Every structure is written in structure tokens, then in C-alpha cells.
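Q: A predicted structure for the sequence below; I have some questions about it.
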Amino acid sequence: MGKPTGFMEYKREVPKKKDPMARVKNWQEFQIVVPEQQLQRQGARCMDCGIPFCQAGTSMAGSGEIGCPVYNLIPEWNDLVYRGKWKEALDRLHKTNNFPEFTGRVCPAPCEGSCTVAISDEPVTIKSIEFSIVEKGFKKGWIQPNPPKQRTGKHVAVIGSGPAGLASAAQLNKAGHTVTVFEREDRPGGLLTYGIPDVKLAYEVVNRRIALLKEEGVLFRTNVAVGEDVTAEELDEQFDAIILATGATKPREVDQEGRDLSGIHYAMDFLTANTKSLLNSKHQDGEYISAKDKDVIVIGGGDTGADCITTSIRHGARSVTQFDINEQKQAIRQINNPWPLYPNVYAEEDAHKEAKAVYGTDPRSYKLQTSKFIGNESGQLVGLETIQVNTAWKDGKKVRTPIEESVKRWKADLVLLAVGFSGTEGKLLDQMQVKQTAQQTVEAEYGHYQTNKPHIFAAGDNRRGQSLVVWAIHEGREAARECDRYLMGTSQLP
């Protein structure tokens, strides 16, 4: 695909972004539109490799994941972009991915880590090409509502409007079923709306797609907590099938001394309140956890922690530090992380670049474990204490060993806990009598997604545990196919 010699003639060119000191003054997306000619050159770099691992969507036992979970037809649309056939590229993109405008913004691009060019050179800029294809589609008016020509008479409830729920709803609606999506928040979108800052994924981008789904016939009921406002019995009476897409929203707890001090918050509470206040009043209502003029410490080295950095900087934090319990990654692949696995290497995310620009240093500190939180007489957080640890694997588990004489005290007015999630909330599952695993996820076999209740299916983080948006879309699509098969006896959905 692409130009046979393109990967030898052209170097990788990533999209430019606005200067960090300029972009931290607002909540707008900051990627600069890539010229079409540059994108065609990047598409030309896609070589006609015998096995395109970029679209493999598989894994190696005990090692990690390879390629695109939704099986995007990457070489095909790279070639079409190279030849200037953008509408055809969009058609190929939508064939496997309902929401490329989401993945083109927030996906970590495992496809690029598995690109054949990346064996000895930098990979094709797959993610930016995907983003550009779908945005050109919206700009040109090629993306229009396409409701089903006839209805089956079957009714399906989708609980949760994050990426898995939306993907399930889109596919089931396409099959002709009448789909109602329940969302307990005031706006649909789930994680996409309230879990990811507007600078990375603007709500107008999410709402643009939701508006299309509504025009295609998908019904949305917001401010409805299933299990409270609507009972499991009522759902069973009103719907022929149910898809659970409630996410893994139960935060992992930190139980160190001083945890109950004022000033310690879960990262998702911080991010959700921020976006809600931003959308409701541009922060004029004050209904958010402000980091302004505070020394902020983010505990957790993942993407959610980086989102807390991005948000704190825009609030006007005095300082921001991110704790990572693991050691700093190496700049190149290690022997246990070969191509085509996703490259587990050191990288500076946009949040880290912003912090370096604003405060002068990279905000990350490594090998740190919080041992206790420190408060004043009023019960207000004033700092915390850490100890350095070494991490090793023993019998398939991580073992942390404290390093002697490494205790350190840190000043902090605000601590944000971004240490992951421990599973899905169990109250609704108990009411539905749906079985759970030992990991507090829904018990439903991958590829089939059916729970112990034949008419109830599960997809996304509530089934697989905390994962990527692209995996949620993949599972939402597949669960829709299995639900359609249950309802109709057979399914034409991919």
C-alpha cells in the first residue's frame, strides 16, 4: 500500500501543536491542522508489507498487545489518502470504527508500535491520518445520518453512554433494533465527556457524533441511574435485551495514614467536576475542585494522572508533581519488549511538556510510594511522606521493596489519586443477579459477551477491566453482534 518506496523517500512528520505557554491559557484543542500534501506523503510511507501487524488486533501470551483492536484497515486507507481518495478512505475507516474522531484524538496508537516500518525506522503517522480523514469527512459534509430502512420491533437498553455503550447502540440501531441509552450523568458520553479533559477531546466533538446517533433513531435518557430511577425489573419488562456498558468506575483505594484529610480527591472526581463546571458556566459557578495557587501532587503515572496535570496547570496551580511508583522507562525498547508489541518506552506526553514549560522541570518523580498524608490541626492536608521502592516480578506478581533511608516529605495542598480502578460498581449487578468475577468485573466470556442472564450482555471496562477507548469500541461492536444474534437467531453485524 502507499508508494512502494515511500518509506525510504519520506521521513515521519508528526502534526505540530500550539506552543505550551500559549495553549495552557485556555481549554481548546491545540493540534494544528496538517496540510493535505504532508498527509499524502505520510500515507505514502505505508509499505506493502506481507503481514500488516498494524491492523492485527491480537496479543502475544504473557507479553502484550499488537496492532489495532478494532481491526482498522490501515494500509487500505493510507493508500487511498496517498492517492487523494479521501471519501473512499473515510468509507474504509467507518467500516471498522464507529468513532474515528475519538480514537484519532485519544488512542495511544498501538497500531504505530506494530508498524512494519518501525522495525528499523519511525512508524507511519497512522493516528494523525485517521484524525484527518474523519475531520475532512465532517468538514465536507460526507458524514450524514443514516437511519435503518426498517425496524425489527425489538427493543434494547444500553446502560452507559461511554465508548462501549455508544458503539453498541450504533451497531444495534444499524441492525434495525430500537435502542435506548441510559446515562446517569446530565450529558451523554460517559468517560468521553467527563473523564477526558476538553483540551484532549472537546465535548462538541462527542456531542457532534451523539447528535448523529439521535438523528439515526437512538434514544438517550440522561440523569437516569439504572437500579435507582429505573429498576432491573422495569428494564426486563420494557426491553428484549440489555447491554451493560457501565465502565470500571470503582476507584482503587489508598489506605495510608491521613487518607481522610481534606484536600485528597479521586482523580475522576476532580476531572468530572472540572469539565461539568466548564461546560455549564466556564467555571463561573465555582462547582469544581480548584487547583489554583495550590501545590498539587498527582499519585499515579498513567494517562489519568497526566490529565490531572493538564487540568491543574490551567487552573493556575502553584506547582504540580506526578508520582510514579515504577522506575523511569528507557528511551529504547528492551529485549522483553520487541516489535511488534506496543513500545513500552519513555515518552513526554503533552501534559509533561506543558508542566516543563510552565514550571521549568518535568513534573514526574519515580519509584515513589506514599507512606502517609500529613495534615494540620484543622484536618487540612499540608503535605505527604514518601519512600522510594524497587519493583520486581515474583511468581507473576509485582513485589515492592523499600529503599533504606529514602523517606522524603513533600508539601501539598491538593492530592489527586490516579491509581486506577478496582472494578465495576456492584449494586446494579446484584439487583440484576448478574455474576461477577473475583476482579469485580462482569462475568461474560470474551467474544460472546453474554452473562449468566441470557438477555444481558456486557462490554468494555465493566467486563475487561480498565482499558483503552479503542478496546471499549471493539467490545461494544462485538457485544452488539452477539446481542443481535440472540434477538434474531443470526446477525449480519461485523
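A: Yep, it's here.
Q: report the beta-bridge partners for the nearest residue to residue 367 once chain neighbours are set aside.
A: Nearest non-adjacent residue to residue 367, counting by CB to CB, 6 or more residues apart in numbering: residue 388, 4.8 Å away. (C-beta placed from N, C-alpha, C; glycine too.) With DSSP bridges as the criterion, residue 388 is bridged to residue 368.
Q: thought residue 388 was touching residue 406?
A: Yes: the criterion here is CB atoms under 8 Å, and residue 388 meets it with residue 406 at 3.7 Å.
Q: the more surrounded of those two?
A: Remark: of residue 388 and residue 406, residue 388 carries more neighbours, 19 against 13, as counted by other CB atoms under 10 Å.
Q: so that one versus residue 407, what's the distance?
A: 9 Å (CB to CB, to the nearest Å).
Q: swap in residue 292?
A: Applying CB to CB to residue 292 and residue 407 gives a distance of 30 Å.
Q: so which bits of the single longest helix found in the chain are buried?
A: For the chain, the longest helix by residue count, based on DSSP state H, is helix 469-488. For helix 469-488, burial by neighbour count (16 or more other CB atoms under 10 Å) applies to 469-487.
Q: and what of stretch 449-461?
A: Buried, per 16+ other CB under 10 Å, within stretch 449-461: 449, 450, 451, 453, 455, 456, 457, 458, 459, 460, 461.
Q: check stretch 294-312 too.
A: Neighbour-count burial for stretch 294-312 [16+ other CB under 10 Å]: 294-301, 303-312.
Q: identify the residues contacting the residue positioned nearest the centre of the chain.
A: The chain has residue 469 as the residue nearest its centroid, 3.7 Å off, counting by CA atoms, centre = their mean. Going by CB atoms under 8 Å, 6 or more residues apart in numbering, residue 469 touches 102, 103, 106, 107, 163, 191, 192.
Q: quick one: it from residue 31, how far?
A: 17 Å.
Q: now do the helices in the stretch 251-400 of the chain.
A: For the stretch 251-400 of the chain, the helices defined by DSSP state H, counting those that start in this stretch occupy 267-281, 303-315, 350-359.
Q: and the ones you listed: which comes nearest residue 71?
A: Smallest distance to residue 71 across the helices of the stretch 251-400 of the chain (CB to CB): 22.9 Å, for helix 303-315.
Q: and the closest one, what does it pack onto?
A: helix 267-281, strand 295-299, strand 319-324, helix 350-359, strand 414-417 (3 or more CB pairs under 8 Å, 6 or more residues apart in numbering; DSSP states H and E).
Q: again, only using 7 Å
A: In terms of contacts (3 or more CB pairs under 7 Å, 6 or more residues apart in numbering; DSSP states H and E), helix 303-315 is packed against helix 267-281, strand 295-299, strand 319-324, helix 350-359.
Q: against residue 383, how distant is the residue lying farthest from the centre of the chain?
A: Ranked by distance from the centre of the chain (CA atoms, centre = their mean), the top residue is residue 377, with 39.7 Å. To residue 383, residue 377 is 14 Å away according to CB to CB.
Q: show me the domain layout of the protein.
A: Annotated domains of the chain cover 6-140, 155-249+422-488, 254-419 [automatic domain parsing].
Q: sketch out the low-pLDDT regions of this protein for me.
A: 1, 60-63 (pLDDT under 70).
Q: how about 80 then?
A: 1-2, 48, 59-65 (pLDDT under 80).
Q: hmm, who's touching stretch 398-408?
A: Outside stretch 398-408, the residues that touch it by CB atoms under 7 Å, 6 or more residues apart in numbering are 369, 385, 386, 387, 388, 389, 390, 391, 392.
Q: end to end on that stretch, go ahead and measure it.
A: 23 Å (CA to CA, to the nearest Å).
Q: equivalent analysis for stretch 393-402, please.
A: Across stretch 393-402, the terminal residues are separated by 15 Å (CA to CA).
Q: off-centre distance for that stretch?
A: Its chain's C-alpha centre and that of stretch 393-402 lie 28 Å apart, by CA atoms, centre = their mean, to the nearest Å.
Q: ok, stretch 29-48 next?
A: On CA atoms, centre = their mean, the centre of stretch 29-48 falls 23 Å from the chain's centre.
Q: buried sites along it?
A: Result for stretch 29-48 [16+ other CB under 10 Å]: buried residues 29-31, 34, 39-47.
Q: and which of these is nearest residue 414?
A: residue 30 (24.5 Å).
Q: the closest one touches residue 17, doesn't it?
A: Yes: assessed by CB atoms under 7 Å, residue 30 is found in contact with residue 17 at 5.1 Å.
Q: circling back: could you dump the buried residues of stretch 29-48 to JSON lines with secondary structure?
A: As requested, the buried residues of stretch 29-48 are exported to JSON lines (DSSP: H, G, I helix; E, B strand; the rest coil):
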{"residue": "29", "secondary structure": "coil"}
{"residue": "30", "secondary structure": "coil"}
{"residue": "31", "secondary structure": "strand"}
{"residue": "34", "secondary structure": "coil"}
{"residue": "39", "secondary structure": "helix"}
{"residue": "40", "secondary structure": "helix"}
{"residue": "41", "secondary structure": "helix"}
{"residue": "42", "secondary structure": "helix"}
{"residue": "43", "secondary structure": "helix"}
{"residue": "44", "secondary structure": "helix"}
{"residue": "45", "secondary structure": "coil"}
{"residue": "46", "secondary structure": "coil"}
{"residue": "47", "secondary structure": "coil"}
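Q: ok, so of those residues, who is nearest residue 252?
A: residue 29 (29.7 Å).
Q: how much space separates residue 78 from residue 87?
A: As judged by CB to CB, residue 78 and residue 87 stand 15 Å apart.
Q: if anything else comes up later, I'll come back, but that's it for now.
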